[in-house]
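In: Next one to model:
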Amino acid sequence: MAVDRLSMAGGLKFMLLLSVAIGCDAASNAELSDFMTSLWHSDVNNASSVRVNLQGHASSGSATDHATGPLFSSVNDQYYFSRPTYAALIQLLDNYNHVIGDAERSNQNEDHEVTLFLEAISKTTVMQKTQQFLKQQGYVGVSLAEFDTLLRQIWFEFYPRHGQTRDSCGFEHVFVGETDTSEVIGFHNWIQFHLQEQKGNLDYRGYIFSKQPRTLGTQFTWLSKTKSLGTFMYGTSPELDMAMFTVCYLTRRNQLCSFSVDGHPIQLKTFDITNGGGHHLGTAYVN
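Out: Below you'll find the predicted structure:
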């Protein structure tokens, strides 16, 4: 991918910067709450009109299907998915091999699609506020190019999830989903969930929890594999998901990232992977 083509000197310099950034003094929970609330209200690309049909309540250990219909009952695809950040995200979803253990390889066109996605989200108020917040907290430098490189390394650089094969990346795991033996791993994005429902690849089997603002725990099968508990925010824009997870990864990696939005408590979890060298996002999800 494009980030792999950095010069060795530049790559080593950036890995050092990222290591230093991750070691910064973390923002307080109050600071996070103020910032995340500001982000939430800046998300003008949100799909707040999306409606879900929760149907039956499931438990994470249950094999019973508690839902006869799809989760998403009303999504204006034409209205939302033609927006630049949604359209750019959707172009990325078919670039990955979901099977853990199968090597990931990108071509020039797929690298360009990553660039277009990062360019699209960088134009939003959400990501501009995120860059400013992380700069003020000492997690990124002044340069927008450094922030772009940070996002590429965290989210899009391939690494081995197990073993030695570079078979995964943070974006694939969180936004696309992966399969390992009989189960689904990752898959924490509502847009991919909705699109896979439409294609008949995903069977929603019931909800485990539903919280405000717009967070769900669900059970489903995807490509005949099971996800006993899959969590995500819904109706959020691609840039908001990426911004919130990135902030939590840098400020609260490998632990709970607790904050509130308009008085509603939210907990996100992010984990670091250093397989293959450097720091990468292993997973990020709603707790």
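In: Residue 268 and residue 283, how far apart?
Out: 11 Å (C-beta to C-beta, to the nearest Å). (Each C-beta comes from the backbone N, C-alpha and C, glycine too.)
In: Which of those two has more residues huddled nearby?
Out: The neighbour comparison of residue 268 against residue 283 (other C-beta atoms under 10 Å) goes to residue 268, with 24 against 20.
In: Quick check: the more buried one touching residue 248?
Out: Yes. Counting by C-beta atoms under 8 Å, residue 248 is a contact partner of residue 268 at 4.7 Å.
In: Residue 224: how many residues sit nearby?
Out: By the other C-beta under 10 Å criterion, the neighbourhood of residue 224 contains 10 residues.
In: now the strands: where do they sit in this protein?
Out: Secondary structure of the chain (DSSP state E): strands at 51-52, 72-74, 178-180, 183-185, 202-211, 215-222, 225-233, 255-261, 264-273, 280-286.
In: which stretch among those strands comes nearest residue 144?
Out: Distance to residue 144, taken as C-beta to C-beta, is lowest for strand 280-286 among the strands of the chain, at 20.2 Å.
In: Please determine how far residue 261 is located from residue 214.
Out: Counting by C-beta to C-beta, the gap from residue 261 to residue 214 is 10 Å.
In: ignore the last one, residue 229
Out: As defined by C-beta to C-beta, residue 229 lies at a distance of 17 Å from residue 214.
In: Among the two, which residue is more densely surrounded?
Out: A count of neighbours by other C-beta under 10 Å puts residue 214 above the other of residue 229 and residue 214, at 20 against 15.
In: That one against residue 232, yeah?
Out: No. Assessed by C-beta under 8 Å, residue 214 is found out of contact with residue 232, at 9.4 Å.
In: what touches both of residue 268 and residue 248?
Out: Taking C-beta atoms under 8 Å, 6 or more residues apart in numbering as the contact rule, residue 268 and residue 248 both touch 257, 284.
In: which residues does residue 215 contact?
Out: Contacts of residue 215 by C-beta under 8 Å, 6+ apart are 209, 231-234, 266, 286.
In: on that earlier part again, arrange the strands of the chain in CSV, one row each, with distance to residue 116 and mean pLDDT as further columns.
Out: Formatted as CSV, those follow (distance: least, C-beta to C-beta, whole Å; pLDDT from 0 to 100):
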stretch, distance to residue 116, mean pLDDT
strand 51-52, 29, 98
strand 72-74, 26, 97
strand 178-180, 23, 97
strand 183-185, 27, 98
strand 202-211, 26, 97
strand 215-222, 26, 98
strand 225-233, 23, 97
strand 255-261, 28, 96
strand 264-273, 25, 97
strand 280-286, 20, 98
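In: wait, isn't residue 234 in contact with residue 51?
Out: No. Residue 234 is beyond contact range of residue 51, at 9.7 Å (criterion: C-beta under 8 Å).
In: who has more neighbours, those two?
Out: Higher neighbour count among residue 234 and residue 51: residue 234, with 23 against 11, using other C-beta under 10 Å.
In: State the distance from that one to residue 159.
Out: Taken as C-beta to C-beta, the span from residue 234 to residue 159 is 28 Å.
In: do residue 93 as well
Out: Counting by C-beta to C-beta - residue 93 and residue 159 are separated by 20 Å.
In: now residue 60
Out: Per C-beta to C-beta, residue 60 is found 28 Å from residue 159.
In: Compare these two and say which is more crowded by neighbours.
Out: Neighbour comparison, residue 60 and residue 159: the larger count goes to residue 159, with 21 against 11 (by other C-beta under 10 Å).
In: show me the residues around residue 248 that make contact.
Out: Contact analysis of residue 248 by C-beta under 8 Å, 6+ apart lists 257, 268-270, 284.
In: er, residue 140 I mean
Out: Shown in contact with residue 140 (C-beta under 8 Å, 6+ apart): 21, 131, 134, 146-147, 150.
In: now residue 203
Out: Counted by C-beta under 8 Å, 6+ apart, residue 203 has contacts 65, 220-222.
In: Specify which member of the residues you listed is nearest to residue 74.
Out: Out of these, the member with the shortest distance to residue 74 (by C-beta to C-beta) is residue 220, at 18.7 Å.
In: wait, isn't that closest one in contact with residue 207?
Out: No. In this structure residue 220 lies outside contact range of residue 207 using C-beta under 8 Å: 10.0 Å.
In: between the two, what contacts are shared?
Out: residue 71.
In: out of those two, which sits in the busier spot?
Out: residue 220 (24 against 20).
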